[in-house]
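J.: Quick one, what's the 3D model for this:
(4 chains)
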2 protein chains.
Amino acid sequence: MRSNDESTPEPRATPARAIPARAEATAVAGMPGVRVTAAMVAARAGVSTATVSLVANGKTEGRVSAENIARVTAAIEELGYVVDGIGSSLARGGSNLVILAAPDVANPFFAKVIGGVRAALGSDYQLLLAVSDAGQLPTPEEVRALMSLRPAGLLVDAPDAAFLDRLHSTAPVVLLDAPGVEHYAPSVNLDVGHGARELAKHLAALGHVRVAYLDSTGGTATFRVRREAFLAQAAASGMEVPDGAFASTPIDVGAAAAAFAGAWPAWQRSGITAVVCCTDTHAYGVLQEARVAGVAIPGRLAVAGFDDLPYSATSSPALTSVHLPAAALGEQAGRALKELMRGRVLAEPQRTLASTLIERASTTGQAGNL
Amino acid sequence: MRSNDESTPEPRATPARAIPARAEATAVAGMPGVRVTAAMVAARAGVSTATVSLVANGKTEGRVSAENIARVTAAIEELGYVVDGIGSSLARGGSNLVILAAPDVANPFFAKVIGGVRAALGSDYQLLLAVSDAGQLPTPEEVRALMSLRPAGLLVDAPDAAFLDRLHSTAPVVLLDAPGVEHYAPSVNLDVGHGARELAKHLAALGHVRVAYLDSTGGTATFRVRREAFLAQAAASGMEVPDGAFASTPIDVGAAAAAFAGAWPAWQRSGITAVVCCTDTHAYGVLQEARVAGVAIPGRLAVAGFDDLPYSATSSPALTSVHLPAAALGEQAGRALKELMRGRVLAEPQRTLASTLIERASTTGQAGNL
DNA sequence: CTGAAAGCGCTTACAG
DNA sequence: CTGAAAGCGCTTACAG
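T.: Model prediction:
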């Protein structure tokens, strides 16, 4: 669980008699340096560590004299003192860390989510990402280890029930994009079903009757929602997704391209005129392979995706896609967590953000547009 | 610096007389639960906390009787005890956290770097990503706050001198992709210059004489290296990059496409037959706009990039690109840091990984390939 | 306004 | 093999 041969030379605190100014300035990057403690600051300022703590944390109002504030401030500055997070966390009973666990950090969509979280959290909390291998949430063991840091709060993106069952958090938790498991904790969800239905209506209105669906292999619950909502509305709108018109691949352009290449001859024979992809990434693969095969988009085949990634606005043809409000997702989750961390009760513990269909040339363009 | 109104209700440790089994199992996600301490385990097992610590950390050899190991193990299991990272870190003088600071987390390239780091670090250390806004390293203030967590080590990707000057780390540091600042700390670099020169030779061998260069606006030091190495070899190989044949945009497909659209008429007039892009992302923009404008790739214009992103292998045409060993970069940096954290001295503190040119259809394909 | 002291949860010499 | 005790660096009642 933790390193058994932690032979790192631990810097022993130097005796407080002669405190050199800028002790930390002697630390060379990569070399252990001298750690400046509150006791050293106290010695230099001629006060107690209690006073140092008060000043360092800005809790001086009506508690520390102007004289002492000045002395301590000067000593802090001279020694380069930074409050130790470990000692502080232990004394306070918790840290100011917020941990964000997500299966898919390296994703342009997720970058926006992170931006939103940061904006909401502000500088009171330290945001750290728990990373694991691509497409995987951290294991429960990893999360246990993280919980032992006593984070002030936890944000979990796209969790499944198994993960949440094994997560016994003592800190407030907010879930992001957690369809089907909202009851575990306050959550912010995406109404991706709405966009999926809009997409089905859009295709039906364009006269499509037989459509294919390119799904994700494995993946999180959102893909089930996307598929089911689309299929339900497709049926309601009089469209058919024939049995042979399903395929699934990992979220990877090449894999999607290959799957499309393999499936297209049969799809073509069965009269498919549109393919809906569960992510824009899948759709890029279809666009690419269609170009190679000389399939006119959208003239011969309409293509659409989900996520509205940056590239989709400028791809050729531009890709019709269900837009998801990533920044708002992060921002509202961050906001909710902040409330919980302050001990407040959420007025609205379950939130859902709308998705919207962005219609572009891959479904609406001139026929024959390559 | 830290929250001033941390009004979170702090769970007081319950008196150790009646310890219910599975205390933590009563914790509902999002609700503060009971924290199980070593003292509770000790009480239940009828031993001292010292013994609990020994057992929990697997340091029992020749120090704890089989009898007591069994009792403590059972109590740990029954109560769901997890060693508290805060208390442990304070006692040990440091945490087992490794913090990775990077400007560009949401990048497929970087996902591989992270994978490499994780593989090298193993389970002895907790890897956490310090995130900031897109394209930015965390500020020195943010890093200070992180340092106060007493990480066991620090990994910094693509730092500049200003960042390192203000980073007074007391923990071992390893730099990744840090051309020009290697002297600050042990580092693992990418010899991107080699790939850039290979690319210049490749284009020259294909008969190109006048080429354009699409650079990144701002960005990290690697872009300077890419440009300079390419230009030097281009000149040496008898190619010319005319004054008007430079452009730069952010790392964004749409921006690159727009820049190319604006520049192409003049480039065409001046006899440009190839454009080198400082990232594959820029190159995607060029490919896309070229398609719209009916510019045959590579017949009329050869296109190449750097990074060899996943999409480049399957784009249409597939993109010639300078491949960078992302996973190896992370892996070697992680390995080096692990050595340092164990108190060892690096045999080879400066390492450089080779880059290779991957030739694909965007430069070598049949002329007229759209 | 101030400081001595207790306590946060753990680890590690130390004495037995 | 075992436990009492000191100590990690801080914060916070508490008494003055």
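J.: ends of stretch A:100-108, how far apart?
T.: Chord length of stretch A:100-108, first to last residue, is 16 Å (C-alpha to C-alpha, to the nearest Å).
J.: likewise stretch A:147-164?
T.: 13 Å.
J.: what about it and chain B, touching?
T.: Yes. Using C-beta under 8 Å from any C-beta of the partner chain, stretch A:147-164 reaches chain B at A:147-150, A:152, A:164. Using the backbone N, CA and C atoms, a C-beta is placed for each residue, glycine as well.
J.: any idea how far the residue lying closest to A:Leu97 once chain neighbours are set aside lies from B:Val98?
T.: Residue nearest to A:Leu97 in three dimensions, not counting chain neighbours: A:Pro151, with 4.3 Å by C-beta to C-beta, 6 or more residues apart in numbering or on different chains. A:Pro151 sits 17 Å away from B:Val98, going by C-beta to C-beta, to the nearest Å.
J.: between these two, which one's more packed in?
T.: Ranked by neighbour count (other C-beta atoms under 10 Å in any protein chain shown), A:Pro151 and B:Val98 place A:Pro151 first, with 28 against 25.
J.: residue contacts, the more buried one?
T.: A:94-95, A:97-99, A:171 (C-beta atoms under 8 Å, 6 or more residues apart in numbering or on different chains).
J.: Now the helix or strand harbouring A:Leu90: buried residues?
T.: A:Leu90 is part of helix A:85-92 when elements are defined by DSSP states H and E. Counting neighbours by 16 or more other C-beta atoms under 10 Å in any protein chain shown, one finds that the buried residues in helix A:85-92 are A:85-90, A:92.
J.: And the furthest pair within those?
T.: Farthest-apart pair in the buried residues of helix A:85-92 is A:Ile86 and A:Arg92; separation 11.0 Å (C-beta to C-beta).
J.: can you list the residues of chain A near DNA strand C?
T.: Taking C-beta under 7 Å from any atom of the strand as the contact definition, chain A meets DNA strand C at A:2, A:6, A:46-51, A:62-65, A:67-68, A:87, A:90-91, A:93.
J.: So which of these sit within helices?
T.: Among those, DSSP state H puts A:49-51, A:67-68, A:87, A:90-91 in helices.
J.: and chain B, which of those residues contact it?
T.: Restricting these to those near chain B by C-beta under 8 Å from any C-beta leaves A:87, A:90.
J.: Save the ones in helices among the residues of chain A next to DNA strand C as JSON lines, and put in pLDDT and distance to B:Leu214 too.
T.: Formatted as JSON lines, these follow (pLDDT from 0 to 100; distance: C-beta to C-beta, whole Å):
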{"residue": "A:Thr49", "pLDDT": "96", "distance to B:Leu214": "57"}
{"residue": "A:Ala50", "pLDDT": "96", "distance to B:Leu214": "60"}
{"residue": "A:Thr51", "pLDDT": "97", "distance to B:Leu214": "58"}
{"residue": "A:Glu67", "pLDDT": "95", "distance to B:Leu214": "61"}
{"residue": "A:Asn68", "pLDDT": "95", "distance to B:Leu214": "59"}
{"residue": "A:Gly87", "pLDDT": "96", "distance to B:Leu214": "51"}
{"residue": "A:Leu90", "pLDDT": "96", "distance to B:Leu214": "52"}
{"residue": "A:Ala91", "pLDDT": "96", "distance to B:Leu214": "54"}
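J.: what helices or strands is the helix or strand of chain A with the lowest mean pLDDT leaning on?
T.: Within chain A, no helix or strand scores below helix A:140-147, which has a mean of 84 by mean pLDDT, DSSP states H and E. Packed against helix A:140-147 by the contact rule (3 or more C-beta pairs under 8 Å, 6 or more residues apart in numbering or on different chains; DSSP states H and E) you find strand A:97-101, strand A:126-130, strand B:126-130.
J.: Return the alpha-carbon coordinates of the helix or strand that it is followed by using CSV.
T.: As assigned by DSSP H and E, the chain's next helix or strand after helix A:140-147 is strand A:153-157. Provided in CSV are the C-alpha atoms of strand A:153-157 (Å, rounded to 0.1, in the frame of the first residue of the first chain):
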residue,chain,number,x,y,z
GLY,A,153,-14.6,16.9,-1.5
LEU,A,154,-14.8,14.4,-4.3
LEU,A,155,-16.0,14.8,-7.8
VAL,A,156,-16.6,11.6,-9.8
ASP,A,157,-17.2,11.6,-13.5
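J.: Any stretches of the stretch 1-150 of chain A with poor pLDDT?
T.: Within the stretch 1-150 of chain A, the ranges that satisfy pLDDT under 70 run A:1-33, A:134.
J.: Chain A - how does it break down into domains?
T.: A:23-83, A:97-190+A:326-353, A:192-324+A:357-364 (automatic domain parsing).
J.: Ok, which of those domains comes nearest DNA strand D?
T.: Across the domains of chain A, DNA strand D has its closest neighbour in domain A:23-83 (3.0 Å, C-beta to the nearest atom of the strand).
J.: ok, residues contacting stretch A:253-262?
T.: For stretch A:253-262, contacts defined as C-beta under 8 Å, 6+ apart pick out A:214, A:247-249, A:275, A:277, A:281-286, A:288-290, A:292-293, B:310-311, B:313-315.
J.: Show me which positions of it end up buried.
T.: A:253-257, A:259-261.
J.: And stretch A:176-191, by the same measure?
T.: Neighbour count says stretch A:176-191 has A:176-179, A:181-182, A:184-191 buried, by 16+ other C-beta under 10 Å.
J.: And stretch A:74-83, by the same measure?
T.: A:75-76, A:78-83.
J.: got it, and stretch A:150-170?
T.: Neighbour-count burial for stretch A:150-170, counted by 16+ other C-beta under 10 Å, picks out A:150-159, A:163-164, A:167-170.
J.: which among the contacts of A:Pro151 gets closest to A:Asp243?
T.: A:Ile99 (43.8 Å).
J.: so the closest one makes contact with A:Gln126?
T.: No. Using C-beta atoms under 8 Å, A:Ile99 is not in contact with A:Gln126, being 9.3 Å away.
J.: what's the closest non-adjacent residue to A:Ala145?
T.: Sequence neighbours aside, B:Gln126 is the residue nearest to A:Ala145 in space, at 5.7 Å (criterion: C-beta to C-beta, 6+ apart).
J.: so who does that neighbour touch?
T.: Applying C-beta under 8 Å, 6+ apart, the residues contacting B:Gln126 are A:142, A:145-146, A:149, B:95-98.
J.: between those, which is nearest A:Gln233?
T.: A:Glu142 (38.8 Å).
J.: thought that closest one was touching A:Gln136?
T.: No. When contacts are counted by C-beta under 8 Å, A:Glu142 is not listed as touching A:Gln136 (10.0 Å).
J.: neighbour-wise, which of those two wins?
T.: A:Glu142 (18 against 12).
J.: quick one: that one from B:Leu127, how far?
T.: Plainly put, A:Glu142 is 9 Å away from B:Leu127 if you go by C-beta to C-beta.
J.: Over to A:Ile99?
T.: 12 Å.
J.: same question, A:Ile358
T.: Distance from A:Ile358 to B:Leu127, by C-beta to C-beta: 36 Å.
J.: Tell me which of these two has more neighbours.
T.: Legend: neighbour count by other C-beta under 10 Å for A:Ile358 and B:Leu127, higher for B:Leu127 (23 against 19).
J.: ok, now how distant is the more buried one from chain A?
T.: According to C-beta to the nearest C-beta, to the nearest Å, B:Leu127 and chain A sit 6 Å apart.
J.: Let me know whether that residue touches B:Arg118 as I believe.
T.: Yes. Contact criterion C-beta under 8 Å: B:Leu127 and B:Arg118 qualify, at 5.9 Å.
J.: on that earlier part again, so, in contact with DNA strand D or not, the helix holding A:Leu90?
T.: Yes. Against DNA strand D, helix A:85-92 shows contacts by C-beta under 7 Å from any atom of the strand at A:86-88, A:90-92.
J.: got the angle between that helix and strand A:126-130?
T.: 110 degrees (axes from the mean of the first three to the mean of the last three C-alpha atoms, to 10 degrees).
J.: What helices and strands are in contact with helix A:85-92?
T.: Counting by 3+ C-beta pairs under 8 Å, 6+ apart, the packing neighbours recorded for helix A:85-92 are helix B:85-92.
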